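Show me how the following folds:
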Amino acid sequence: MNNLFAFLFRYRGILVFAVLEVLSLYLLVRNSTYQRAAFFNSANTYVGQVLDWRNQVQDYFRLVDINQELMQENARLRQQFYKPDLSDRAPDSLPVRQDSVTRARLALLDRPDSLLLGLRTLAAHDPDYPLIPARVVSSTNRPVDNYLTLNVGRADGVREGMGVVSAEGVVGRVKVFSEHYATITSVLHSQSRTSARLQRDGTIGTVRWLGDDPTHVLLDNIPRQNKLLKGDTVVTSGYNAVFPEGVLVGTVDSFVKEPDKNFWTVRVRLAVNFSRLTYVYLVTSGPKPERDTLEVRAGVHIETKRP
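Numbering: from 1, shown residues only. This next block holds a predicted model:
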C-alpha cells in the first residue's frame, strides 16, 4: 500500500493532467453537436472493426452449432414450402386450419422473389422499401438503453433513420453510421417509439419499452372501450415511413384496466428474440423525405409517427 501511495505521489502531475484531459474531452463531445457526431462516427469505425474480428474468431469455434442451426432452419423451410398433392389426399381427411402466418408463408410459393418479414411480405427488389442485409456484430443488454452494431455502412447505402427488421419482426432504427458499420437503437431503448396497430380491429397505438423485461414491451393508447384478446397480433401501422405497414411486432400477452386511466395497459410479447439476433435487414421508404417535408410545412406533429 505504501508503494502505491508513493507511486501516486511521484506521478501526481501526470495523473492529474490525464484526468483533466479526459474530462475536457468528455465535456467537449457532450456539449458540441459537431464534435459528438465526429466522435461517434470515428469510434463506430474502429470499434466495429474490432468487433468484426472478434466475431470471426467466435464464428470459427461455433461452426458446429451454426451448422446445426442451419440444418434445423433448412428443415423448417422445406416443411413450409412443401405443397402436398391434394389429389392424393384421402377423401375422408379433414383440412388443417391455417393461421395467418402459415397462409402468408404458403403464399410465398408463388412469389420466389419475395421475403417474409414478420407478417409483411416484401419484394426483394421493392423500389419503395429496398432491403439491405446485415449481420449483428455486437449488441448490448442493458436495463434501459440498448444498441446493436451492424456490419454495413455508408458504402452499402445505409442512411440515418433507416428501419431495421429481422425475419421475425421489428428490431430498431439506425442512429449513427460510418463507412462500413452502423449502430442502431433497438426496440429495447427508453427513447424508442414504434407506431403499431392491432391486426384484428386496426386500433392504432404506440409501442415502447419499460426497461425491465427484454421480451415484452408496452402498447399505449388503446382505448378502454376496445375489446382485447390474449394472443392478438400487433404489427406496424405504416403511419411513419420508417417501417412498412404490417411488419410483426409481437402478440398481446396481458392487459389490465387502470382505475385512473382511459386506456388499457397492454403488455406485448416481442416476436424478436434479441438475445439470439444474428441477421437483420435495413429497410427505408423512398417517399419519406417528401412526406416529412410536407408534414413539417403543414405543422403536423404526430406522436405515433416516431419510430
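
From here on, just use CA atoms for contacts and neighbour counts.
Will do.

What helices and strands are in contact with the helix or strand hosting residue 172?
Counting by DSSP states H and E, the element that carries residue 172 is strand 170-177. With contacts defined as 3 or more C-alpha pairs under 8 Å, 6 or more residues apart in numbering; DSSP states H and E, strand 170-177 has these neighbours: helix 33-61, strand 163-165, strand 182-186.

what's next to that strand, contact-wise?
40-41, 44, 118, 153-154, 158-165, 182-187, 192, 247-249, 272, 307 (C-alpha atoms under 8 Å, 6 or more residues apart in numbering).

Report the backbone C-alpha coordinates of stretch 12-31 in CSV.
Taking Å, rounded to 0.1, in the frame of the first residue of the first chain, the C-alpha atoms of stretch 12-31 are listed here in CSV:
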residue,chain,number,x,y,z
ARG,A,12,0.7,13.0,-9.4
GLY,A,13,1.3,15.7,-12.0
ILE,A,14,0.9,13.3,-14.9
LEU,A,15,-2.2,11.7,-13.4
VAL,A,16,-3.9,15.0,-12.7
PHE,A,17,-3.1,16.1,-16.3
ALA,A,18,-4.6,12.8,-17.7
VAL,A,19,-7.8,13.1,-15.6
LEU,A,20,-8.3,16.8,-16.7
GLU,A,21,-7.6,15.9,-20.3
VAL,A,22,-10.2,13.1,-20.3
LEU,A,23,-12.7,15.4,-18.5
SER,A,24,-12.2,18.2,-21.1
LEU,A,25,-12.7,15.8,-24.0
TYR,A,26,-15.9,14.4,-22.4
LEU,A,27,-17.3,17.9,-21.9
LEU,A,28,-16.3,18.9,-25.5
VAL,A,29,-18.0,15.9,-27.0
ARG,A,30,-21.1,16.2,-24.8
ASN,A,31,-21.7,19.9,-25.4
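
Number the residues from 366 up from this point.
Sure thing, new numbering starts at 366, so read that last one as stretch 377-396.

What about residue 566, how many residues nearby?
As a burial measure, residue 566 scores 11 neighbours (other C-alpha atoms under 10 Å).

and it, how far is that from residue 605?
19 Å (C-alpha to C-alpha, to the nearest Å).

Check residue 544 too.
Residue 544 is 27 Å from residue 605, by C-alpha to C-alpha.

of these two, who's got more company?
More crowded of residue 544 and residue 605, by other C-alpha under 10 Å: residue 605, with 21 against 17.

quick one, phi/psi of the more buried one?
Backbone torsions of residue 605, given as degrees, to the nearest 10, read phi -110, psi 150.

can you tell me how far residue 638 sits from residue 423?
20 Å.

and these two? which has more neighbours close in?
When residue 638 and residue 423 are compared for neighbours, residue 638 comes out ahead with 14 against 11, by other C-alpha under 10 Å.

Without its sequence neighbours, what residue ends up closest to the more buried one?
Sequence neighbours aside, residue 580 is the residue nearest to residue 638 in space, at 7.1 Å (criterion: C-alpha to C-alpha, 6 or more residues apart in numbering).

what's around the one you found, how many residues?
So residue 580, with other C-alpha under 10 Å, has 16 neighbours.

roughly how far apart are it and residue 613?
Taking C-alpha to C-alpha, one finds residue 580 at 14 Å from residue 613.
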